[in-house]
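1. turn this into a structure:
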Amino acid sequence: MAAPGLGFVTWDDERPSGGNTYDRELVAALRATGMDVAVQALPGTWPVPSPEDMPALTQALDAHQTSLVDGIVASAAPRQIADAVAAGRRVVALVHMAAADEIGLDPAERDRREETERHALQAASAVVATSRTAADDLAARHGLTDVQVARPGVRPAPAAAGSGHDDAPRLLAVGSLTPTKDQATFLHALGRLRDLTWTAHLVGSPDVDPDYAARLRALVDESGLDERAELTGALIGEALETEWAAADLLVLTSRSETFGLVVTEALSRGVPAVVTAGTGAVEALGRAGPDRRSGPAGANLPGCVVPARDVVALAAVLRRWLTDPTLRTALRREALDRRERLPGWDTTAAMITEVLGVG
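-> Okay, the predicted model is just below:
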């Protein structure tokens, strides 16, 4: 007989990522409400599993009457989800990013992932996305009629002190070194700013796409940035907090981003951000178009929005920020103001609980 409480099915992947952070914080927030949550971290090669990976998923879905399944697993398992729902189980898919949105997939693989995810999400009892941007996209691409939204919360954090060098501000990028995160655009833009004084730290694992990480290291050397731009590797805990504490501006150049948890993590520390248009990171910053003055309810955004993959536009925005102390002060003030109004993970947990229909 299936157990009561909630089964949370995810991938056994310990690399730092926004999705892993969301899952970890959500589980903690659900447990804080008194909910019994059993986490099942599946081994395997998700989101492209082998046949040997599937029995563990079937067992996990059979173990609980209600299961929340991370999208990286759910998108690859339409038959297993359909079978569980047909057996009377409630299976809710939690989608952090559409399976076909990973940059660099060949067309055949992209189409395969798109089709498999469509069948999986249509078979699920309910679908939850981590932003309104992502929910609207999933509904349109997969013909879904009621995708729910549970935006990420944030943990309270101390306001960043910043670099302490007004004449040499610290720029920070946080994310795995992949074509999707597109750190190359950031580095190319920095190459146009060598006449100015700044430092930049790019925090992120090189292991997801080692070839791309190697190209980034070569770009740093070829652009003459080796003394000012540092690829730190993946950082967690105190080491990552040290980077946040010294940051003056977050730069997120993702070509695809469901929400951009790193943006609200920056805002929780009073650090403004530059994000790319057409991604969920704009929603994280506070819904606006390319003109940063069009923030929510007429307020200014705590940062700027630039077109994706546009080196010239990004360099121009960074140049203005680096050379205009008034702008830096204004964006810092707006980020500190937003810091006071960010929702916690308890809000996210309440949204998920409503969709799950369990207590």
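2. what's the average pLDDT for the longest helix along the chain?
-> Criterion DSSP state H: the longest helix present in the chain is helix 107-123. Average pLDDT, helix 107-123: 94.
3. check the offset of it from the chain's centre.
-> 21 Å (CA atoms, centre = their mean, to the nearest Å).
4. who's in contact with the residue lying closest to Ser125 once chain neighbours are set aside?
-> Nearest residue to Ser125, sequence neighbours excluded (CB to CB, 6 or more residues apart in numbering): Arg90, at 4.6 Å. (Each C-beta comes from the backbone N, C-alpha and C, glycine too.) If you count contacts by CB atoms under 8 Å, 6 or more residues apart in numbering, Arg90 has them with Gln65, Thr66, Ser67, Ser125, Ala126, Leu356, Gly357.
5. and the pLDDT at Pro51?
-> 89.
6. so how far is Ser75 from it?
-> Pro51 sits 17 Å away from Ser75, going by CB to CB, to the nearest Å.
7. cool, Asp23 as well?
-> Taking CB to CB as the measure, Asp23 falls 15 Å from Ser75.
8. what about those two, which has more around it?
-> Ranked by neighbour count (other CB atoms under 10 Å), Asp23 and Ser75 place Ser75 first, with 26 against 21.
9. how far away is that one from Leu30?
-> 22 Å.
10. residues in a beta bridge with Val274, which ones?
-> Val251, Cys304 (DSSP bridges).
11. which ones are touching it?
-> Counting by CB under 8 Å, 6+ apart, Val274 has contacts Leu249, Leu250, Val251, Leu252, Gly303, Cys304, Val305, Val306, Leu314, Val317, Leu318, Trp321.
12. and for Glu25?
-> Residues in contact with Glu25 (CB under 8 Å, 6+ apart) are Pro152, Gly153, Arg155, Trp345, Thr348.
13. out of those residues, which end up buried?
-> Pro152, Gly153, Trp345, Thr348 (16 or more other CB atoms under 10 Å).
14. now stretch 8-20: buried residues?
-> Within stretch 8-20, the residues scored as buried using 16+ other CB under 10 Å are Phe8, Val9, Thr10, Trp11, Pro16, Ser17, Gly18, Gly19, Asn20.
15. identify the residues contacting that stretch?
-> Counting by CB under 8 Å, 6+ apart, 23, 27, 37-44, 46, 57, 60-61, 67-70, 72-73, 96-97, 152, 175-176, 204-205, 207-208, 234-236, 240, 259-262 sit against stretch 8-20.
16. take the residues you listed and keep only those in helices.
-> Asp23, Val27, Leu57, Ala60, Leu61, Ile72, Val73, Leu240, Leu261, Val262.
17. picking that back up, quick one: buried ones out of the contacts of stretch 8-20?
-> Taking 16+ other CB under 10 Å as the criterion, what is buried in the contacts of stretch 8-20 is 23, 27, 37, 40-42, 44, 46, 57, 60-61, 67-70, 72-73, 96-97, 152, 175-176, 204-205, 208, 234-235, 240, 259-262.
18. wait, which of the contacts of Arg90 is closest to Ala218?
-> Set against Ala218, the nearest of the contacts of Arg90 by CB to CB is Ser67 (44.3 Å).
19. show me the beta-bridge partners of that closest one.
-> Gly7, Val91.
20. that one contacts Arg89, correct?
-> Yes. With contacts counted by CB atoms under 8 Å, Ser67 reaches Arg89, the gap being 6.7 Å.
21. pull up the overlap in contacts between those two.
-> Common neighbours of Ser67 and Arg89 (CB under 8 Å, 6+ apart) are Leu61.
22. sorry, back to before: could you measure from the residue nearest to Ser125 over to Asp310?
-> Taking CB to CB, one finds Arg90 at 44 Å from Asp310.
23. check Val251 too.
-> Taken as CB to CB, the span from Val251 to Asp310 is 13 Å.
24. check Asp101 too.
-> As for Asp101, its distance to Asp310 is 19 Å (criterion: CB to CB).
25. and if you look at Pro156?
-> Distance of Pro156 to Asp310, computed by CB to CB: 35 Å.
26. number of residues surrounding Gly270?
-> Residues near Gly270, counting by other CB under 10 Å, number 23.
27. so it makes contact with Ala159?
-> Yes. Contact criterion CB under 8 Å: Gly270 and Ala159 qualify, at 4.3 Å.
28. find residues that contact each of the two.
-> Leu336, Arg339.
29. residues near the nearest residue to Ala168 once chain neighbours are set aside, how many?
-> Once flanking residues are discounted, Ala168 sits nearest to Thr197: 4.5 Å by CB to CB, 6+ apart. Other residues near Thr197 come to 12 when the count uses other CB under 10 Å.
30. tell me the SS of Thr197?
-> coil (DSSP: H, G, I helix; E, B strand; the rest coil).
31. what pLDDT does the model give it?
-> Thr197 carries a pLDDT value of 95.
32. same deal with the one 3 residues further on?
-> What the model reports as pLDDT for Ala200 is 98.
33. no further queries at this time; thank you.
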